[in-house]
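Undergrad: missing the sequence, but the structure's below:
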Ligand SMILES: Nc1ncnc2c1ncn2[C@@H]1O[C@H](COP(=O)(O)OP(=O)(O)OP(=O)(O)O)[C@@H](O)[C@H]1O
């Protein structure tokens, strides 16, 4: 039966339903407002071709925060019935609300944040044809005018650079939309940041230049759409704006991302059946969107809710090109709180209500509390935490007589580490009597400290070696010291000894016999490579019984309270 045949019944039932109270998830209503992550929805108008087919709207805003959805269930005894649902988000934009309103509410504050050196991201999410590109391109136009010529409070200008690229839904596929879709390499640097190697990033001075780049990229996307079988809407399009302050070079760069996500699912296809290729494509898109959702939610789980135990986060940002590039949005080690805005785009016509429902379910799952910002704590053994004074002091105290004013006039430790190799050496060699080998040795020394500090080992290694416990244990065969809390290796796996199996009585265990009291319940570790190499998370609830003879060696793991991760000690 065709739902269009029931248009009048549908409209009548929807009008009636709209006068009745709606049920929304109380948890969502009670979630504290949070300016860092704002999740909204935008309902586009019914389009001409939809109206011509007699389609009417099944998606309406009830208030500024509540959107209601109505669909018709056909084939039931007693005739068609209305199925209704409602969602609560931070803001719902109705079909008559302009993009200017959306810009003022959502994008303008992100621009202010980025101008102050912050990181800000706006995602447009939704099914194909729901208005993502329409929304993002209108926001780009408004942004061009706000950003170009923006003066800071001292009357100086910021430098603005733009990059526009497309990210495939499979791993590591990235194309430059300002350079004829040239492939870009996504590489992770030593700070764990993803670099877009080979991506053009022209500087823009005027709004007209900014918009010329936006139009070029859009043309490249639409060409691809016809030539490559609608490929552009099957990829994520990212506009990245980098804002630098030429007056204060030590200030961090501001970053603003506008992300037009690939359509979450194809519009119901009335003309053709799904080809195998199309189904694989849809699967890849949905996987990459699920990874994005897992990453945003994973970050939120870093902060235990009051009264509930904290859970170790799993943030799988290496699983898609999109999440690699946007790692800052959910990086557990980030020191700058990112601001995130999501616009869930909704196609309102009755046949699209099911997809709009899925879009809203996805969006409301993103509405989670966000952890507070981690401050950069100065650590004399971690150059990435040094300000300019710490950096200069270290250079002055080194045995190489470099000119500190030339090597790091304003640079923080992180900025010196980010310098190209040749540049650091050259700056050092400018001082009289500093040969290249000495400059290289100095650079290597700084990098060794950096790498050691990342492994969480430098500060604690000495402590472990010198601790009286370690000395006391010297010479004693480690199997004779097995105790709760000890970490051991078995067949490549790391395990934490918890207790002898007997402690759990007969109910527990693998049926192993505890000969001589030498069988132990051990908790497992899993790799936390998403945060740092050689980092581990303890899975207390995933246990196994292990015989003493199966344990291969003792492993010293160090616990880092700040990240809640374990690192292999040295
Ligand atoms: N707020 C709006 N007002 C008027 N028309 C709109 C609005 N939003 C979208 N449209 C129109 O709806 C159609 C589909 O929009 P758009 O191309 O932005 O969808 P999309 O979600 O980006 O799709 P895809 O995933 O295929 O790229 C376009 O013709 C667009 O002009």
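TA: Thanks, I have it. Because the structure is predicted, anything quoted here is derived from the model rather than measured.
Undergrad: Average pLDDT for the longest strand that the chain contains, rounded please.
TA: Assignment by DSSP state E gives strand 535-547 as the longest strand of the chain. Mean per-residue pLDDT for strand 535-547: 83.
Undergrad: Stretch 179-198 now?
TA: In this model, stretch 179-198 carries a mean pLDDT of 80.
Undergrad: Between the two ends of it, how far is it?
TA: The separation between the terminal residues of stretch 179-198, taken as Cα to Cα, to the nearest Å, is 10 Å.
Undergrad: Show me the contact partners of it.
TA: Stretch 179-198 has contacts (Cβ atoms under 8 Å, 6 or more residues apart in numbering) with 163, 165-166, 172-176, 199-200, 220, 224, 321, 324-325, 327-328, 331, 333, 384, 414, 417-418, 450-451, 454, 531-532. (C-beta placed from N, C-alpha, C; glycine too.)
Undergrad: Return the set of buried residues in it.
TA: For stretch 179-198, the neighbour count (16 or more other Cβ atoms under 10 Å) marks 179, 181, 184, 186, 192, 194, 196 as buried.
Undergrad: from those, which single one is nearest the ligand?
TA: residue 181 (16.7 Å; Cβ to the nearest ligand atom).
Undergrad: And the closest one, how far from residue 158?
TA: Using Cβ to Cβ, to the nearest Å, residue 181 is found at 29 Å from residue 158.
Undergrad: Now whichever residue of the stretch 1-150 of the chain sits closest to the ligand. Nearest residue, chain neighbours left out?
TA: Ranking the residues of the stretch 1-150 of the chain by distance to the ligand (Cβ to the nearest ligand atom) places residue 131 first, at 2.9 Å. Leaving aside its sequence neighbours, residue 131 sits nearest to residue 44 (Cβ to Cβ, 6 or more residues apart in numbering; 3.9 Å).
Undergrad: Residue 554 now?
TA: Nearest residue to residue 554, sequence neighbours excluded (Cβ to Cβ, 6+ apart): residue 478, at 4.2 Å.
Undergrad: give me phi/psi at the one you found?
TA: Note on residue 478: its backbone torsions stand at phi -60, psi -30 [degrees, to the nearest 10].
Undergrad: cool, and residue 204?
TA: phi -120, psi 140.
Undergrad: quick one: contacts for it?
TA: Shown in contact with residue 204 (Cβ under 8 Å, 6+ apart): 148, 160-162, 210, 213.
Undergrad: Confirm residue 86 sits in a helix?
TA: No. Residue 86 is assigned strand when assessed by DSSP: H, G, I helix; E, B strand; the rest coil, not a helix.
Undergrad: that older thread, only whichever of the contacts of residue 204 are buried, select them in PyMOL.
TA: A single PyMOL command selects the buried members of the contacts of residue 204 (16+ other Cβ under 10 Å):
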select buried, resi 148+160+162+210+213
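Undergrad: out of the contacts of residue 204, who's nearest residue 525?
TA: Nearest to residue 525 among these is residue 161, at 42.0 Å by Cβ to Cβ.
Undergrad: chain center to the helix or strand containing the closest one: distance?
TA: Assigned by DSSP states H and E, residue 161 belongs to strand 159-167. Mean-position distance between strand 159-167 and its chain equals 18 Å (Cα atoms, centre = their mean, to the nearest Å).
Undergrad: any idea of the mean pLDDT for it?
TA: Computed over strand 159-167, the mean pLDDT rounds to 92.
Undergrad: For ChimeraX, write the selection for the buried entries among the contacts of stretch 179-198.
TA: Applying 16+ other Cβ under 10 Å to those, the buried members can be selected in ChimeraX as follows:
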select :163,165,166,173,174,175,176,199,200,220,224,321,324,325,327,328,331,384,414,417,418,450,454,531,532
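Undergrad: Let's see which of the contacts of stretch 179-198 end up in helices.
TA: Members of the contacts of stretch 179-198 lying in helices (criterion: DSSP state H): 220, 224, 321, 324-325, 414, 417, 450-451, 454.
Undergrad: Could I get those in a markdown table, plus columns for pLDDT and distance to residue 103?
TA: Converted to a markdown table, the ones in helices among the contacts of stretch 179-198 look like this (pLDDT from 0 to 100; distance: Cβ to Cβ, whole Å):
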| residue | pLDDT | distance to residue 103 |
| --- | --- | --- |
| 220 | 84 | 24 |
| 224 | 51 | 27 |
| 321 | 84 | 28 |
| 324 | 84 | 28 |
| 325 | 88 | 24 |
| 414 | 82 | 33 |
| 417 | 83 | 37 |
| 450 | 81 | 41 |
| 451 | 77 | 44 |
| 454 | 72 | 40 |
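Undergrad: which SSE is the closest residue to the ligand within the stretch 301-450 of the chain in?
TA: Closest to the ligand within the stretch 301-450 of the chain is residue 345: 5.6 Å, counting by Cβ to the nearest ligand atom. Following DSSP H and E, the helix or strand that holds residue 345 is strand 339-346.
Undergrad: and residue 97, what element?
TA: Under the criterion DSSP H and E, no helix or strand holds residue 97.
Undergrad: Three-state assignment for residue 110, please.
TA: At residue 110 the chain is in helix, as set by three-state DSSP.
Undergrad: any idea how far residue 202 is from the nearest residue to it once chain neighbours are set aside?
TA: Nearest in space to residue 110, with sequence neighbours left out and distances taken as Cβ to Cβ, 6+ apart, is residue 120 at 3.7 Å. If you measure residue 120 against residue 202 using Cβ to Cβ, the figure is 21 Å.
Undergrad: So if I had to pick from the two, which one is more boxed in?
TA: The neighbour comparison of residue 120 against residue 202 (other Cβ atoms under 10 Å) goes to residue 120, with 25 against 14.
Undergrad: which residues does the more buried one contact?
TA: Shown in contact with residue 120 (Cβ under 8 Å, 6+ apart): 110-111, 113-114, 254-257, 338-341.
Undergrad: likewise residue 45?
TA: Residue 45 is in contact with 95-96, 348, counting by Cβ under 8 Å, 6+ apart.
Undergrad: burial of residue 410, as a residue count?
TA: Residue 410 has 12 neighbours, counted by other Cβ under 10 Å.
Undergrad: Was I right to think the residue of the stretch 301-450 of the chain closest to the ligand contacts residue 135?
TA: Yes. Using Cβ atoms under 8 Å, residue 345 makes contact with residue 135 at a distance of 6.3 Å.
Undergrad: Can you pull the residues that touch both of the two?
TA: With Cβ under 8 Å, 6+ apart, residue 345 and residue 135 have common neighbours 42, 124.
Undergrad: Between these two, which is the more surrounded one?
TA: Taking neighbours as other Cβ under 10 Å, residue 345 and residue 135 compare with residue 345 leading, 28 against 24.
Undergrad: hey, what's that one bridged with?
TA: residue 42, residue 126 (DSSP bridges).
Undergrad: Show the contacting residues for it.
TA: With contact taken as Cβ under 8 Å, 6+ apart, residue 345 is in contact with 41-42, 44, 124-127, 130-132, 135, 359.
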